[in-house]
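Engineer: Provide a 3D model corresponding to the input given below.
(one chain, ligands or ions: 1)
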Amino acid sequence: MTAQLIDGEVVAAAVHSEIKAEVEKLKAEHGITPGLATVLVGEDPASQAYVQSKQKGCSEVGIESFGHYLSKDASQEEVEGLVAELNANPAVHGILVQLPLPKHLDEERILRAVGLDKDVDGFHPINIGRLAMKGRKPLFVPCTPAGCIELLDRYNIPIEGKEAVVLGRSNIVGLPVSMLLLHRNATLTICHSRTQDLPATCRRADILIAAVGRPEMVRGDWVKPGAAVIDVGINRVWVDHPADREWICSASGECFIAHRKEESDKGGRRKMGVYCATHDKIYLKDEVPADAEGCEMIDLYRKYKLVGDVDFEDVKEVAGYLTPVPGGVGPMTIIMLLRNTLTSAERAAGLVE
Ligand code: NDP
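Structural biologist: Numbers count the residues shown, from 1 in each chain. Below is the predicted model:
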């Protein structure tokens, strides 16, 4: 058996068009432009990239984005003060505080400071609490878990009455996706690092959601034939073994360099060190000696690829449906954030509950 691919890019594109049309309607009929404020504290490159892609997503569907950047030393009061300002700004319908925050800040207090009605990330304890309670509805559902359910729905995979197993119980993925499955009347098992006999537990699942952050952990013999497998994991693995020192040289011209967007690579590259041409020596990052100043240096990269928590090649022979990594759950996360922002603007206008 070969699983049907659940294509997150295709679903994300469809939802994208729907959001764009809704945003245009909201502007034309009610004169309201949805607005998303992003708060980035510090200069972590991965966080900068995430914020940029969220802002790009906004502009593509006509949502206004307001970028706020604070230094890595920003105080608790400064961050909370900015959040309070954004709470009071009627042009802002959603506030996204990019995580992780620098260690000296109290992350929980900052997330709690975000107004419930602007919590488009869905991480406010009251929104999570409502998600956990029977008969209650959160104002917003966290984006990655919402994306998982959207994928199941768009492929008409039934949830009600099915055995669902979720691998992982984190606040951002495992727990909320479990609550969503329960709301949809699945029979639920949540697994974590202390669960005994994971393979046998997973084999019970009609719907298996893997969110553990362990590269290719779920094997084909963990999966019930015909099951729908949603792989949330995004893990970076080196293409070559780190010890073999098969460097990819950015300046040599003859070596290949993996670019993020290059389809065949599905990964990227990370700077690992430098080659000092003057002394014919390789230095790892942070190991460049002071006396190397003035030497001819060439940046060296290693290539990585992204894999999920599921062994794709093995599991595709057993599962009925399977998401790839990348291109499965990943593209859904930002789309769900945009949808939450739109919902928030519609709610502010009294158009939805
Ligand atoms: P966390 O590290 O917060 O949680 C991992 C969970 O997996 C924990 O509950 C942990 O158990 C459990 N776990 C870890 N190792 C094992 C094991 N060997 N056996 C059983 N359970 C295990 O991760 P996140 O939930 O934040 O993320 C999970 C994955 O999803 C990551 O790869 C992350 O990159 C990816 N991700 C993808 C997103 C997307 O947009 N597609 C968005 C967010 C995350 P315990 O609680 O006992 O420690």
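
Engineer: ok, for Ser170, nearest residue in space, not its chain neighbours?
Structural biologist: Distance criterion C-beta to C-beta, 6 or more residues apart in numbering; nearest residue to Ser170, sequence neighbours excluded, is Ala211 at 6.8 Å. No exception for glycine: its C-beta is placed from N, CA and C like everyone else's.

Engineer: Next: Leu26.
Structural biologist: In this structure, Leu26 finds its nearest non-sequential neighbour in Ile32, 5.2 Å apart by C-beta to C-beta, 6+ apart.

Engineer: If you tally nearby residues, what's the number for that neighbour?
Structural biologist: A total of 18 residues lie near Ile32 under the criterion other C-beta atoms under 10 Å.

Engineer: tell me the SS of it?
Structural biologist: In terms of secondary structure, Ile32 is coil; the call rests on DSSP: H, G, I helix; E, B strand; the rest coil.

Engineer: Tell me the pLDDT of it.
Structural biologist: With respect to pLDDT, Ile32 scores 97.

Engineer: repeat for Val239
Structural biologist: As predicted, Val239 sits at a pLDDT of 71.

Engineer: Now do it against the ligand, distance only.
Structural biologist: Summarising the geometry, the distance separating Val239 from the ligand, computed by C-beta to the nearest ligand atom, to the nearest Å, is 18 Å.

Engineer: unless I'm mixing things up, that residue is touching Tyr304, no?
Structural biologist: Yes. The criterion here is C-beta atoms under 8 Å, and Val239 meets it with Tyr304 at 6.2 Å.

Engineer: if you count what's nearby, which of these two comes out ahead?
Structural biologist: More neighbours surround Tyr304 than the other of Val239 and Tyr304, with 19 against 14 (other C-beta under 10 Å).

Engineer: in which helix or strand would I find the more buried one?
Structural biologist: With elements taken from DSSP states H and E, the one containing Tyr304 is strand 297-307.

Engineer: right, is that strand up against the ligand?
Structural biologist: No. Strand 297-307 stays out of contact with the ligand when judged by C-beta under 6 Å from any ligand atom, the minimum separation being 9.4 Å.

Engineer: mind checking how far that strand is from the chain centre?
Structural biologist: Once both centres are worked out by C-alpha atoms, centre = their mean, to the nearest Å, strand 297-307 turns out to sit 22 Å from its chain's centre.

Engineer: Whichever helix or strand comes after it: which residues count as buried?
Structural biologist: The helix or strand immediately downstream of strand 297-307 is helix 312-315, counting by DSSP H and E. By neighbour count, with 16 or more other C-beta atoms under 10 Å as the criterion, the buried positions of helix 312-315 are Phe312, Asp314, Val315.

Engineer: Could I get the pLDDT score of the residue lying closest to the first one once chain neighbours are set aside?
Structural biologist: Leaving out its chain neighbours, the residue that sits closest to Phe312 by C-beta to C-beta, 6+ apart is Pro324, at 6.4 Å. Note for Pro324: predicted pLDDT of 97.

Engineer: ok, how many other residues are close to Pro324?
Structural biologist: 19.

Engineer: what's the spacing between it and Pro199?
Structural biologist: As judged by C-beta to C-beta, to the nearest Å, Pro324 and Pro199 stand 22 Å apart.
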